[in-house]
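Enquirer: I need the structure of the sequence given here:
(chains A and B)
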Protein chains: 2
Amino acid sequence: MISLHFDHGLIPVIAQDSTTQEILMLAYANSEAVELTRSTGFAHYYSRSRKKLWKKGEESGHTQRVVRIITDCDEDALIYQIEQKGAACHTGYRSCFYRTLEGEIIAEKVFDPDEVYANKPE
Amino acid sequence: MISLHFDHGLIPVIAQDSTTQEILMLAYANSEAVELTRSTGFAHYYSRSRKKLWKKGEESGHTQRVVRIITDCDEDALIYQIEQKGAACHTGYRSCFYRTLEGEIIAEKVFDPDEVYANKPE
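Expert: The predicted model follows:
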């Protein structure tokens, strides 16, 4: 097992579609989230804003089945190669990366957030 | 132009092959690096260890021509979609992500680091 380097307890994680190689999101994990991801086979992260461990899809049902975890040369970043149920982004896009830096939308929504996140105010 | 959120002056950047969608590396950029990337069309980053702006390939010649810059829903992560000259990783692998978390090598070296980095001690 590779020994990972956590920066202030966190490591950045890229979630990537294991089939298409599409990048779906970037989030952070602490060691507990990585361990839970390994043991359960479902992607777990650590929310910096909510300051808590988080299973992707626990509210929306849009879980991520992890096929493989890859680390980089410096052991300070991870890829979760996943099978995405529904969509990765809470905005309704399949990927969180749906806009160019110039603001052009380069994807189409795959669900209506209002229907999926009943208790979400935004 | 999307207004980006920098964390302590930095934003994580995923370098992705624009053709194959392969993830090549994860690094960080400050606002100056993003601006230079836009204006020159070549990937620039900020090295946290060396504390300086850095043009990818300035030593190795393994530059990254940037085709498109994509941001995520929270405007706190970027993808540089690139055409990679040579390899992204200083170890000789095309991608820095060449090992699973269990330590299995999942790629083959494409160059000999000793020949490319003449002045590199490692």
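Enquirer: hey, let's count contacts and neighbours off CA atoms from now on
Expert: Will do.
Enquirer: would you mind listing what in chain A touches chain B?
Expert: By C-alpha under 8 Å from any C-alpha of the partner chain, the part of chain A that sits against chain B consists of A:1-2, A:21-22, A:25-26, A:68-73, A:77, A:79, A:89, A:91, A:96-103.
Enquirer: which of those fall within strands?
Expert: Secondary structure from DSSP state E places A:Met25, A:Leu26, A:Arg68, A:Ile69, A:Ile70, A:Thr71, A:Ile79, A:Arg99, A:Thr100 of these in strands.
Enquirer: can you pull the contacts of the last one?
Expert: Residues in contact with A:Thr100, defined by C-alpha atoms under 8 Å, 6 or more residues apart in numbering or on different chains, are A:Ile106, B:Arg68, B:Ile69, B:Ile70, B:Thr71.
Enquirer: with adjacent residues omitted, what lies nearest to it?
Expert: The spatially closest residue to A:Thr100, leaving aside those adjacent along the chain, is B:Ile70, at 4.1 Å (C-alpha to C-alpha, 6 or more residues apart in numbering or on different chains).
Enquirer: number of nearby residues for that neighbour?
Expert: Residues near B:Ile70, counting by other C-alpha atoms under 10 Å in any protein chain shown, number 24.
Enquirer: and the pLDDT for it?
Expert: pLDDT, B:Ile70: 98.
Enquirer: I'd say it and A:Glu104 touch.
Expert: No. Using C-alpha atoms under 8 Å, B:Ile70 is not in contact with A:Glu104, being 9.2 Å away.
Enquirer: re earlier: drop anything exposed from the contacts of A:Thr100.
Expert: B:Ile69, B:Ile70, B:Thr71 (16 or more other C-alpha atoms under 10 Å in any protein chain shown).
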